[in-house]
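Engineer: Here's my sequence, what's the structure:
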Amino acid sequence: MEALLHEFARNVALVIEGIAIVIIAIGSAKALLDFGRVTIATRRGQVEKRVISLDYAHWLVAGLTFQLAADIVSTSFAPSWNEVGRLAAVAAIRTFLSYFLDHEMAATRRLQQSD
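Structural biologist: Numbering: from 1, shown residues only. Predicted coordinates:
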């Protein structure tokens with residue numbers, strides 16, 4: 001029974017990691033297209049580039065959130081110190097990005113309101 005549960009957890013983690021990859025790939029493609037559009041267009045300001053960067057950061061945070069979920073599932077059974085360290089690193093990166101993303105969003109809103 002325990003082996004079946006381990007196998008199920010491994011498969012769930014694999015699916016969640018796949019979702020994280022898809023989210024990051026979609027966000028990267030969208031950011032690339034948006035930056036290309038802004039670069040080609042004339043009379044575009046720095047504010048629009050910041051908005052694109054913030055949107056991209058949202059995609060990355062979403063991907064990291066799914067990666068964190070996959071790591072939690074993976075380490076649910078007798079985790080090694082390496083797995084715990086990886087989980088802590090992903091959690092710290094996600095927290096760091098979210099914190100500074102909130103500050104950047106507030107600054108961008110202030111810039112948009114002043115334009």
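Engineer: Near the residue nearest to residue 98 when sequence neighbours are not counted, how many residues? Count them for me, please.
Structural biologist: Leaving aside its chain neighbours, residue 98 sits nearest to residue 61 (5.7 Å; criterion: Cβ to Cβ, 6 or more residues apart in numbering). Where C-beta positions appear, they are placed from N, C-alpha and C, glycine not excepted. Applying other Cβ atoms under 10 Å, we find 17 other residues in the vicinity of residue 61.
Engineer: do the same with residue 64
Structural biologist: By the criterion of other Cβ under 10 Å, residue 64 has 21 neighbours.
Engineer: That one sits in which helix or strand?
Structural biologist: Assigned by DSSP states H and E, residue 64 belongs to helix 46-74.
Engineer: and that helix, how far out from the chain's middle?
Structural biologist: Distance of helix 46-74 from the chain centroid (Cα atoms, centre = their mean, to the nearest Å) equals 2 Å.
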